[in-house]
Every structure is written in structure tokens, then in C-alpha cells.
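Peer 1: Below are the sequence and a predicted model for it; my questions follow.
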Amino acid sequence: MPKKFNEQEKEWIRHKLLEEGKRNFEAAGLRKTSVEDLTKVAGIAQGSFYSFFESKEVLFYTLLLDEESRIRKQLLESYLSDEGMTKERIKSFMLDAFRLISESPLMKQIYLAGDFEQLVRKLPQELLERNFTEDQDALMPVIRKWQSSGFLSGTRPELIVSMLRSLVLLSLHKKEIGEAIFDDTITLMVDLIAEGMYAYHESGSE
């Protein structure tokens, strides 16, 4: 039976599990990290781990949500200024999102190392839905800014968020697309999307 901990111990153990999880997941990925790896530093039995997280996947996802929140915050700080919205700024927004993801060791593991399928398979559906909702809520100020400037003004905002998520998810297929041409392919796609949005803006289409 898992040991009972007081509130101070629980807070410390949770912090250590998150800290150790981040270190292990960034270095080895989800599949190669065991619950034993995570509990050693915290000094708890493997069975006690499940008093804090339902699974190592849930721990990983908790860290992933924090990392996504950090990236979104950095993006929003750059693109919610009073500066006018242009085709080039839309393009820069999408390319910066890719850059920030590629620079994050944790995001690299989930999107580039093949751990995504395991994560999705093992996570409760409500957690996955929460991620989509948080993405939509966080990106809504940017979408509104685009639409108030005439870009995709007649398009449902959630579809624009879904388009951006779909673009990011292409990073799961870097090997299939071809690592040597992946970056150039993404740049071309972003350029075409921005051009298409600008064409809608110029024509007044909805």
C-alpha cells in the first residue's frame, strides 16, 4: 500500500517528479523513461508514483502543457502589439511557432522522436480535449487581430486555430517528408498560406 504523505511532503515530491520527469523526458523521451527512473530521485516507491500522476504519460503531458503555455506566451507577447497586421507578420508568426517548438527539447521529443502516438493512446480523452480548448482560448486574441485586419474575417475562429495546429503537427512527419527538405517545405507552405490569407483580405472574400 502506498505510503501516506503530509501536504509539505506531497508538494516536494510532486516538484521532484516534475523536475526529474523533465530531465529524463528531454534526454531519453517518453518510451525510454520508466516510472522507476522518475521515483528514484524523489525517494518514493514506484507504487507511490500513482498517488501523484495516473501514469508517466500524464506526467509528460503535464510538462508538455506547461511548455506549450510558455511558447504561446512568448508568441503572444510578440504579436499582440499595436503594430498593424500584415501578410509578413502572419508568416513570421507561423514560422516563429515552428522555431520555438524546434528549440524546445521536450517538444522535440514528443513531435520529432515518435512519442506522440504513445502519448495520445495512453491519455484520457478529456486531457486531450483540454489541450485543444487551451490552444483555442490562448490563440483567440491573435485570431481576432487577424480578422479585425480583414484576414479570414468570415472564417470561424476555431477553424483557423485548427489550421495552425495541423501545420504544427506536420512536424510529426519530418522523416516521411524528408529531413533534408523539411524546413524549406514548411517555409513554402507557410508562405502559401500567408499569400492565400492575403488574397482573401484583398478580395474581401468571406
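Peer 2: Cool, the structure landed. Residues are numbered from 1 along each chain as shown.

Peer 1: Pick out the residue nearest the middle of this protein.
Peer 2: Central residue of the chain (C-alpha atoms, centre = their mean): Glu68, 4.2 Å from the mean position.

Peer 1: So that residue, which state does it fall into?
Peer 2: Under DSSP: H, G, I helix; E, B strand; the rest coil, Glu68 falls in the helix class.

Peer 1: any idea how far it is from Ser104?
Peer 2: Distance, Glu68 to Ser104, using C-beta to C-beta, to the nearest Å: 9 Å. Backbone N, C-alpha and C define where each C-beta goes, glycine included.

Peer 1: Do you know the pLDDT at Thr185?
Peer 2: We have a pLDDT of 93 for Thr185.

Peer 1: ok, Thr185 - how many residues close by?
Peer 2: Look at Thr185: counted by other C-beta atoms under 10 Å, it has 14 neighbours.

Peer 1: Name the helix or strand for it, please.
Peer 2: In the assignment (DSSP states H and E), Thr185 maps to helix 179-203.

Peer 1: Need the residues that contact that helix.
Peer 2: Under the contact criterion C-beta atoms under 8 Å, 6 or more residues apart in numbering, helix 179-203 has outside partners 87-88, 90-91, 94-95, 98, 146, 149-153, 163, 167, 170, 174, 177-178, 205.

Peer 1: Would you mind writing the PyMOL command to select the buried ones in these?
Peer 2: In PyMOL, a selection of the buried entries from the contacts of helix 179-203 looks like this (16 or more other C-beta atoms under 10 Å):
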select buried, resi 87+90+91+94+95+98+146+151+152+167+170+174
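
Peer 1: Tell me which other helices or strands the lowest-mean-pLDDT helix or strand in the chain touches.
Peer 2: Taking mean pLDDT, DSSP states H and E as the measure, the chain has helix 105-112 as its least confident helix or strand, at a mean of 76. On a contact count with 3 or more C-beta pairs under 8 Å, 6 or more residues apart in numbering; DSSP states H and E, helix 105-112 meets helix 7-28, helix 56-79, helix 87-103.

Peer 1: what's the model's confidence in the host helix or strand of Arg121, averaged?
Peer 2: Using DSSP H and E, Arg121 sits in helix 116-122. Helix 116-122 shows a mean pLDDT of 78.

Peer 1: and the closest residue to Asp96 other than its chain neighbours, how many neighbours?
Peer 2: Spatial nearest neighbour of Asp96, excluding adjacent residues (C-beta to C-beta, 6 or more residues apart in numbering): Leu75 at 6.2 Å. Leu75 has 18 neighbours, counted by other C-beta under 10 Å.
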